[in-house]
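>>> here are the coordinates; sequence isn't available:
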Ligand SMILES: NC(=O)C1=CN([C@@H]2O[C@H](COP(=O)(O)OP(=O)(O)OC[C@H]3O[C@@H](n4cnc5c(N)ncnc54)[C@H](O)[C@@H]3O)[C@@H](O)[C@H]2O)C=CC1
Ligand SMILES: O=C(O)C(=O)CO
């Protein structure tokens with residue numbers, strides 16, 4: 001059994017025991033729990049990724065709900081431990097929940113929450129930042145300056161790609177993929193090609209309307225196309241950004257074969273999940289194609305990089321910070337806490353997890369509902385009529 005982990009306790013006499021496996025940004029989430037009679041225990045152990053054993057020790061004998069992190073392995077062992085401790089509520093502080101075995105949660109009747117909506121624009125902004133940084137070789141140029149190598153303007157110095165008029169490809173045009181597409185189309189007048197299992201009518205309407213606006217102003221209109229296959233995107237796009245969920249259908253979606261279909265000077269961005277890309281194949285591709293560039297926020301064996309990636313000048317790598325804006329991270333903490341609280345209090349589930357603004361208004365009490373429970377249907381949880 002793991003040693004007891006260090007914790008910080010708020011409202012020790014609260015009726016319901018809620019554990020957070022990490023300190024989370026802001027205090028609103030703590031206050032909302034305390035106001036509803038929760039004792040809040042926050043793990044303060046100086047270890048970035050908690051093991052299953054650590055979390056079992058945190059859950060202890062009596063626990064009503066847990067707020068966990070995407071780095072943790074929430075499966076049979078943890079859900080059975082939570083259930084034994086009387087708990088029926090868990091929320092990831094993340095929108096992605098590939099670290100959670102939802103079937104195991106269903107088996108123990110545990111509601112699984114996630115935090116959609118509040119990180120859409122922040123994550124899309126990082127994908128856009130990586131796209132620009134890769135296109136204009138910003139990191140390489142910064143390193144060159146700091147190394148004292150700049151001795152005067154040269155016609156060939158750090159020549160990169162112009163985005164205007166090129167084609168942006170989006171794979172997975174859900175909330176974040178669509179937000180990214182809009183930024184790149186409107187901001188840089190790029191044409192759009194996207195691939196998703198579902199049609200994104202709103203995105204298509206947006207690009208059409210923006211194209212008409214440009215035309216009315218005497219400029220070349222932007223265009224959109226929904227690709228019938230992912231291959232079309234790979235072949236046609238100059239910048240490709242990955243935004244699907246990680247599941248069996250998207251594991252290694254980008255592999256040796258798909259990389260070989262992309263343009264030699266294409267840019268690939270991944271702000272979804274590391275295993276969507278075969279990172280070994282990517283390193284080989286980067287080595288063989290120096291003009292191909294990549295911007296990565298996520299890694300196949302996170303927090304590690306595959307051998308060779310760190311040495312590649314045509315790769316920009318950042319440590320899974322796509323959702324790291326203060327407003328977003330505080331909002332994620334709030335949504336995660338309210339998911340757990342809602343289940344503990346027997347509240348219904350919010351009807352539209354894409355419209356979570358009422359939960360984020362600091363000047364009003366949040367609705368009496370869990371903002372987003374991914375297994376609400378499987379557990380037959382009631383849906384809010386608000
Ligand atoms: N790097 C980071 O910090 C962050 C990463 N994420 C990742 O981004 C993912 C997407 O988030 P949202 O846009 O909010 O989710 P979403 O559910 O709105 O969008 C995902 C889209 O992927 C599509 N999709 C699923 N399987 C596909 C396939 N085989 N091929 C093509 N498209 C497919 C879905 O139809 C959906 O439109 C999350 O699941 C998470 O893993 C999310 C937030 C921050
Ligand atoms: O929310 C998610 O899925 C993340 O990756 C963290 O921002």
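Looks like it came in fine. Nothing here was measured: the structure is a model prediction, and the numbers come from that model. Ligands and ions are numbered 1, 2, ... in the order given.
>>> Model confidence for the closest residue to ligand 1 within the chain, exactly?
Residue of the chain nearest ligand 1, by CB to the nearest ligand atom: residue 174 (1.9 Å). Using the backbone N, CA and C atoms, a C-beta is placed for each residue, glycine as well. At residue 174, the model reports a pLDDT of 98.
>>> Would you enumerate the residues in contact with it?
196, 200, 243-245 (CB atoms under 8 Å, 6 or more residues apart in numbering).
>>> near ligand 2, which residues of the chain?
70, 94-96, 119, 322-323 (CB under 6 Å from any ligand atom).
>>> Give me the PyMOL select line for those residues, limited to the buried ones.
Buried members of those, defined by 16 or more other CB atoms under 10 Å, are picked up in PyMOL with:
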select buried, resi 70+94+95+96+119+322+323
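>>> Using JSON lines, lay out the residues of the chain next to ligand 2 together with distance to residue 370, secondary structure and pLDDT.
Shown next, in JSON lines, are the residues of the chain next to ligand 2 (distance: CB to CB, whole Å; DSSP: H, G, I helix; E, B strand; the rest coil; pLDDT from 0 to 100):
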{"residue": "70", "distance to residue 370": "19", "secondary structure": "coil", "pLDDT": "98"}
{"residue": "94", "distance to residue 370": "16", "secondary structure": "coil", "pLDDT": "98"}
{"residue": "95", "distance to residue 370": "15", "secondary structure": "coil", "pLDDT": "98"}
{"residue": "96", "distance to residue 370": "18", "secondary structure": "coil", "pLDDT": "98"}
{"residue": "119", "distance to residue 370": "18", "secondary structure": "coil", "pLDDT": "97"}
{"residue": "322", "distance to residue 370": "25", "secondary structure": "coil", "pLDDT": "98"}
{"residue": "323", "distance to residue 370": "20", "secondary structure": "coil", "pLDDT": "98"}
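>>> now, which of the residues of the chain next to ligand 2 lie close to ligand 1?
Okay, of the residues of the chain next to ligand 2 touching ligand 1 (CB under 6 Å from any ligand atom), that's 95-96, 119, 322-323.
>>> mind showing which ranges of this protein have poor pLDDT?
1-4 (pLDDT under 70).
>>> where along it do the helices fall?
28-35, 52-59, 76-84, 102-107, 120-135, 138-146, 175-188, 201-216, 230-236, 256-261, 279-288, 326-345, 357-360 (DSSP state H).
>>> re the thing from before, out of the contacts of residue 174, which are buried?
For the contacts of residue 174, a neighbour count by 16+ other CB under 10 Å gives the buried set as 196, 200, 243-244.
>>> Quick one: neighbours of the residue lying closest to residue 268 once chain neighbours are set aside, just the number.
Counting by CB to CB, 6 or more residues apart in numbering, residue 268 lies nearest to residue 294, which is 4.7 Å off, once chain neighbours are set aside. The number of residues packed around residue 294, counting by other CB atoms under 10 Å, is 26.
>>> Would you check that residue 100 makes contact with residue 112?
Yes: using CB atoms under 8 Å, residue 100 is in contact with residue 112, at 5.7 Å.
>>> Mind listing the shared neighbours of these two?
In contact with both residue 100 and residue 112: 74, 90, 92, using CB under 8 Å, 6+ apart.
>>> Alongside ligand 1, which residues does the stretch 151-300 of the chain contribute?
171-177, 195-198, 243-246, 249-250, 271-273, 297-298.
>>> State the number of residues packed around residue 307.
10.
>>> Show the contacting residues for it.
By CB under 8 Å, 6+ apart, the contact list for residue 307 reads residue 283.
>>> Quickly note the distance from it to residue 238.
For residue 307, the distance to residue 238 (CB to CB, to the nearest Å) stands at 29 Å.
>>> what about the closest residue to residue 258 other than its chain neighbours, distance to residue 20?
Spatially, and ignoring its direct neighbours in sequence, residue 258 is nearest to residue 234 (5.5 Å; CB to CB, 6+ apart). Distance of residue 234 to residue 20, given as CB to CB: 41 Å.
>>> what's the answer for residue 311, then?
Using CB to CB, residue 311 is found at 38 Å from residue 20.
>>> Over in the stretch 101-250 of the chain, which residue gets nearest ligand 2? Let me know.
Closest point on the stretch 101-250 of the chain to ligand 2, by CB to the nearest ligand atom, is residue 119, at 5.5 Å.
>>> list the contacts for the closest residue to residue 368 other than its chain neighbours?
Spatial nearest neighbour of residue 368, chain neighbours left out: residue 347 (4.9 Å); criterion: CB to CB, 6+ apart. Residues in contact with residue 347 (CB under 8 Å, 6+ apart) are 341, 368-370, 384.
>>> so which of those residues comes closest to residue 105?
residue 370 (13.9 Å; CB to CB).
>>> picking that back up, kindly reformat the helices of the chain as a markdown table containing mean neighbour count.
Below are those laid out as a markdown table (neighbours: other CB atoms under 10 Å):
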| stretch | mean neighbour count |
| --- | --- |
| helix 28-35 | 19 |
| helix 52-59 | 19 |
| helix 76-84 | 19 |
| helix 102-107 | 17 |
| helix 120-135 | 22 |
| helix 138-146 | 13 |
| helix 175-188 | 22 |
| helix 201-216 | 15 |
| helix 230-236 | 19 |
| helix 256-261 | 16 |
| helix 279-288 | 19 |
| helix 326-345 | 25 |
| helix 357-360 | 17 |
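>>> TSV for the ones you listed, including distance to residue 315?
Listed next are the helices of the chain as TSV, based on distance: least, CB to CB, whole Å:
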stretch	distance to residue 315
helix 28-35	35
helix 52-59	32
helix 76-84	34
helix 102-107	33
helix 120-135	9
helix 138-146	9
helix 175-188	19
helix 201-216	28
helix 230-236	19
helix 256-261	13
helix 279-288	6
helix 326-345	25
helix 357-360	35
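>>> Many thanks, I have nothing further to ask.
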